[in-house]
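1. After the sequence you'll find the predicted model.
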Amino acid sequence: MTRGTLVPGSTYRLQIRRQFPLSAAAELADYLDALGVQAIYLSPILQATSGSDHGYDITSHRRVDAERGGEQGRLAVAAAARALGLQTVVDIVPNHMGVADAAQNEPWWQLLRDGPDSQYAAWFDVDWRAGNGRIKLPVLGDDAGDDQLSVVHGELRYFEHRYPIAEGTAGPGDSAGEVHARQHYELVSYRRADDEQNYRRFFAVTDLAGIRVEDEAVFDASHAEVLRWVAAGDVQGIRIDHPDGLADPAGYLDRLATAAPDAWILVEKITEPGEQLPAGWPVAGTTGYDALAEVNTLLYDPAAEAEVSRRYAELTGDRRSWTEHLEQGKRTVAESILHAELLRITRAVRHAQPELRVSDEDLVQALTELAVAFGVYRSYHPVGAEHLDAAAELAASRRPEIREALTNLLPLLSDAGTEISIRFEQATGAIMAKGVEDTAYYRYNRAVGLNEVGGDPGGYGSTPARFHAAQQQRQQLQPESMTTLSTHDTKRSEDVRARLAVLPELGERWYGTAERLLAAAPIPSAAFGYLLWQSFAGAGWIERDRMHAYAEKAMREATEGTGWRDPDAGFEAAVHQAVDRAYDDDQVHRLLDELITEITPDGWSNSLSQKLVQLAMPGVPDVYQGTELYDYSLVDPDNRRPVAFELRRQLLAGFADAAGGPPLEQAGAAKLWLTSRVLRERRERPERFTGYTPLTVSGLTADHAVAFDRGGAVAVATRLPVGLRRAGGWQDSVLELGPGRYLDQLTGEQYDGRVRLAQLLRRYPVAFLTRAD
């Protein structure tokens, strides 16, 4: 549903941190304006946990984070943007608050101190019944006891952790253990979180406690400051983090849209293939992961899928399908780190229907199977009810012995607006995110460039025809939705994925190298080894410590061989040794170096192609910080590193207005050139981006091009560059431009009518043409 009047033509995402505060963002505004950007897009800026590197752990909704620049910094950004005619978009976090340090979060502190009688009891989603009137805080280490607790300055202490003491519960002769026993909270082992957690969290993060914005008073208190910015004209767009965690996303969005009727509102919602946002949501669209998937798959040839699958199975021994990996990943988290959520739903069922003649164990098993079988992140009853029905059928086919429990649960889960229904919807989204994005994506390594947020690793590739159909639908349904290629949450940057897309095109050249690498630096899991060597190919020779950090996170997320809770020293040592051998062992280094050198030019081709397509396709394109140059980043925190903006500023200033452009290989300058040309055109001639018409390409190698006309602005991009070269290049392939003359904004050359691609794409693998007036 299109809404709001303050829709920018493009955005540029900045990660605001202590090392890059709001004042730095304000100083960057002139560079962003020169680049052609139309809105500064800020990560969360409300007060967060001290030292936070991301800002999603908000501790106060009343003020701007002091470490990020405070109110003075925010006003500086607003003034700089206003002076240049730029808009400002802010990222807000309605689902949860940071509670790692209770003393920094006043509502949480008072809740712990005063319990159910606290003025903030309505803020947090606590199951008091499950804890016998106490909130269970899983913070204690192994073998921790009362002797490690102390009372200091009227607070309970456990090492550096501080907790409040309720009035009248601490006498002069009381031990710390006795005081602890009288509090409204109970410090318990971190290992008990899986089963005994009794407050809602962001996924399984115990330091992020869910808040109840469905309560009008909580909404008002947690949004007053942001809405003040909107009312003052300092903010024109709002990005909603994790709406799937909310009890009532539609109600929340209605309330927000009413409070900010002109704002451009986006939701960070991951949709599965074919899924659309609920039609009634008053938002412009999503944050762009759906668009990312449409562009990314265009770089893969569907005809190669069988060979890619066969060689992956042969090299790694992993013969499980994506469907099997998806099921197993979701089951892993449903039976471990998110098991407490299903137990809470079971308690709610038992409380609502005490006479139900089904055991608690069968109820938990049925809820687990339903969550594992759920085909999308969540439903919004009655919207999406068909997903619950389909999950029930699949769950019953997998586990016929719990059919009775499933039958009893379905009416309760289908009863929209009830505690049982709402909590199940919240749980399925968390189980999908953790079980798929953060587990299965690191286990199923057939082509890891496709293992991306919003993607479908079980699918393989796309065609220009499919892409055109998706964009015609996007133009019709969500023309003001965001598009993106990289974010702070993507598993790999766009340029890493661009290189990875080259590997399947190499065929046996790649598979043979992978086989030699797996043998030369063996890892207990060949499938993880295959991921590691793909990661080197995609990222190239990044700093050693960055690759070690990535490998550690990736293998622990996979939870096959090691894990976060109980790391396996032997497994991890083998992985780290393999990383070191890539840098130190002559044989391993040579194999990788030759491969990286070979794929880099085709990676550049893919980088420019996908960038042009994303910037020119329907929607509002976002550029993630730094990605206007080639950027080879891996999963967070690697993708949140400082950006060399001065280099980018100098390169941009060095471009002469006369067309021609820098060489393809010049430090990513060609990508910056392309980005600036398209963004400036979108700003100066927005009427040229109001439609979508696929353009005809004919000839022997026509499938290696994708071309479309947005209404006077034409994008032409190369796909599958290795196959194109092996086929002898563009040969007789021709693009039908239609009547009129067109200027290639990248080279300054003019064309009309039927254009030979060999001529059009002789300098760059892309062309950005605008109709001459």
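-> Cool, got the structure.

2. wait, what's in contact with the closest residue in space to residue 297 that isn't next to it in sequence?
-> Once flanking residues are discounted, residue 297 sits nearest to residue 462: 3.9 Å by Cβ to Cβ, 6 or more residues apart in numbering. Bear in mind the C-beta positions are built from the backbone N, C-alpha and C, glycine included. Going by Cβ atoms under 8 Å, 6 or more residues apart in numbering, residue 462 touches 294, 297-298, 300, 302.

3. quick one: residue 462 from residue 628, how far?
-> Using Cβ to Cβ, to the nearest Å, residue 462 is found at 25 Å from residue 628.

4. got any ranges where the stretch 151-300 of the chain has weak pLDDT?
-> Nowhere does the stretch 151-300 of the chain drop to pLDDT under 70.

5. all strands of it, in order?
-> With DSSP state E, counting those that start in this stretch as the criterion, the stretch 151-300 of the chain has strands at 155-158, 161-164, 185-189, 201-202, 205-210, 237-240, 264-267, 285-286.

6. Can I get those in CSV including mean neighbour count?
-> CSV is the format used below for the strands of the stretch 151-300 of the chain (neighbours: other Cβ atoms under 10 Å):
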stretch, mean neighbour count
strand 155-158, 18
strand 161-164, 18
strand 185-189, 19
strand 201-202, 22
strand 205-210, 20
strand 237-240, 24
strand 264-267, 25
strand 285-286, 26
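
7. mind putting those in CSV, distance to residue 668 included?
-> Output for the strands of the stretch 151-300 of the chain, formatted as CSV (distance: least, Cβ to Cβ, whole Å):
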stretch, distance to residue 668
strand 155-158, 49
strand 161-164, 45
strand 185-189, 49
strand 201-202, 35
strand 205-210, 35
strand 237-240, 27
strand 264-267, 28
strand 285-286, 28
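
8. Please name whichever of those is nearest to residue 63.
-> When the strands of the stretch 151-300 of the chain are compared for distance to residue 63 using Cβ to Cβ, the nearest one is strand 237-240, at 17.9 Å.

9. Following element in sequence after the longest helix that the chain contains, please.
-> Using DSSP state H to define each element, the chain has its longest helix at helix 586-616. Downstream of helix 586-616, the next assigned helix or strand under DSSP states H and E is strand 620-624.

10. Report all helices and strands that that next one contacts.
-> strand 11-14, strand 482-483, helix 669-684 (3 or more Cβ pairs under 8 Å, 6 or more residues apart in numbering; DSSP states H and E).

11. Which strands or helices does the longest one pack on?
-> The reference is to helix 669-684. helix 22-35, helix 586-616, strand 620-624, helix 645-654, strand 766-771.

12. now the second one and strand 620-624, what's the angle there?
-> Our comparison of helix 586-616 with strand 620-624, counting by axes from the mean of the first three to the mean of the last three Cα atoms, to 10 degrees, yields an angle of 150 degrees.

13. Point to the residue nearest the middle of the protein.
-> residue 489 (3.6 Å; Cα atoms, centre = their mean).

14. Relative to residue 575, which of the strands of the stretch 151-300 of the chain is closest?
-> strand 205-210 (24.6 Å).

15. The closest one: how far from the chain's middle?
-> On the basis of Cα atoms, centre = their mean, to the nearest Å, strand 205-210 sits 18 Å off its chain's mean C-alpha point.

16. and the longest strand seen in the chain, what does it pack onto?
-> Of all segments of type strand in the chain, defined using DSSP state E, the longest is strand 734-744. Counting contacts by 3+ Cβ pairs under 8 Å, 6+ apart, strand 734-744 is packed against strand 697-698, strand 705-709, strand 713-718, strand 750-756, helix 757-760, strand 766-771.

17. List the contacts of that strand.
-> For strand 734-744, with Cβ under 8 Å, 6+ apart as the criterion, the contacting residues are 659, 695-699, 705, 707, 709, 714, 716, 749-757, 760, 767-772.

18. which of the residues you listed are buried?
-> 695, 697, 699, 705, 707, 709, 714, 716, 749, 751, 755-757, 760, 767-771 (16 or more other Cβ atoms under 10 Å).
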